[in-house]
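> turn this into a structure:
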Amino acid sequence: MFTGLALRAVLKSSAGALCSAATTKTCSSALLSGLRVGCAGSFAVQPLVRHYARSAKKKKTGPESQLTDLTPTMLKMDYAAVPLAQTTDGLVKRLLSLELACHSEKLQLKKEQMIAKVQRDENDRNSVEVKVAILTTRIRNYQEHLLKHHKDKANKRRMLMAIDRRKKLLKHLRLVRYDAFEKVCEQLGITYTFPPEYHRRATRRWQTKKAFCIKVFKEVQKQKAEQRAASS
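Here you go, the predicted model:
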């Protein structure tokens, strides 16, 4: 009799342990799935909030492209001087226009427009003004490219080389023909910045050497003046 009572108590305790384990497993699965399920009627599990969608990034608004003034109805440079291209039907004219042109064709047309602003005559293709116009178009194209691809080191190097070349040409043009220099800067929208003045650190050794050179120069000039007075 006592053996049967002990066996019944052991079975009841093991059944209670199994029930509590099952309740705990149900609560944990409810927490993972985010369902509103009550564990033993004591509390309700709040659903988990998951943010999968990311907010859209705002596009950076940079300066306007130099190709914005080219209307899509303009013909390509190879067909602009062809009279037949002006009288064709709409589909052919659309194929020959800038609407379906690539970036290099638009850039070539823009370069010709910049050259026409500063060239000396119709056949001028090698003057300093024309070279400055070509370099300006190339530099602005590099700047627009680097706004989208800021890690492109090769094109950044080419842009800096073109800027340095244009700076040298403008410096030469400013010394030789100042009126042409002003016209180029005005027509192409270039802001010319003057190079900084040369400054040398005035050390004590440099000041002593400069004073000695000035003294030697004065002595030499004095001797030459005495020789000229003696010979006359």
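> for this protein, what helix or strand is lowest in average pLDDT?
strand 38-39 (a mean of 44; mean pLDDT, DSSP states H and E).
> flag the shaky bits of the chain, pLDDT-wise.
1-62, 198-199 (pLDDT under 70).
> neighbours around residue 210, how many?
For residue 210, the count of nearby residues is 11 (other Cβ atoms under 10 Å). Just so you know, the C-beta spots here come from the backbone N, C-alpha and C atoms, and that holds for glycine as well.
> please give the element, helix or strand, for it.
Assigned by DSSP states H and E, residue 210 falls within helix 204-231.
> buried ones in that helix, by neighbour count?
Across helix 204-231, burial judged by 16 or more other Cβ atoms under 10 Å covers no residue at all.
> could you do stretch 94-112 as well?
Here stretch 94-112 shows 96-98, 101, 106-107, 109-111 as buried, counting by 16+ other Cβ under 10 Å.
> format those residues as a markdown table; extra columns: secondary structure and distance to residue 118.
Below are these laid out as a markdown table (DSSP: H, G, I helix; E, B strand; the rest coil; distance: Cβ to Cβ, whole Å):
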| residue | secondary structure | distance to residue 118 |
| --- | --- | --- |
| 96 | helix | 28 |
| 97 | strand | 26 |
| 98 | helix | 23 |
| 101 | coil | 24 |
| 106 | helix | 20 |
| 107 | helix | 18 |
| 109 | helix | 16 |
| 110 | helix | 14 |
| 111 | helix | 12 |
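> just after the helix or strand hosting residue 147, pick out the following helix or strand.
Using DSSP H and E, residue 147 sits within helix 128-148. Using DSSP H and E, the helix or strand that directly follows helix 128-148 along the chain is helix 153-176.
> coming back round to it: off-centre distance for the helix holding residue 210?
In terms of Cα atoms, centre = their mean, to the nearest Å, the centre of helix 204-231 is found 56 Å from the chain centre.
> now stretch 159-174
Centre to centre, stretch against its chain (Cα atoms, centre = their mean), the figure for stretch 159-174 is 20 Å.
> may I see the buried residues of it?
Quick answer for stretch 159-174 (16+ other Cβ under 10 Å): 159, 162, 166, 169-170, 173-174.
> could I get that stretch in CSV with only the CA atoms?
Extracted C-alpha coordinates of stretch 159-174, given in CSV (Å, rounded to 0.1, in the frame of the first residue of the first chain):
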residue,chain,number,x,y,z
MET,A,159,41.5,67.0,-63.7
LEU,A,160,44.3,68.5,-61.5
MET,A,161,46.7,68.2,-64.4
ALA,A,162,44.2,70.0,-66.7
ILE,A,163,43.6,72.7,-64.1
ASP,A,164,47.4,73.3,-63.8
ARG,A,165,47.8,73.4,-67.6
ARG,A,166,44.9,75.9,-67.9
LYS,A,167,46.4,78.1,-65.1
LYS,A,168,49.7,78.3,-67.0
LEU,A,169,47.9,79.3,-70.3
LEU,A,170,45.9,82.0,-68.5
LYS,A,171,49.0,83.4,-66.9
HIS,A,172,50.7,83.6,-70.2
LEU,A,173,47.7,85.2,-71.9
ARG,A,174,47.3,87.7,-69.1
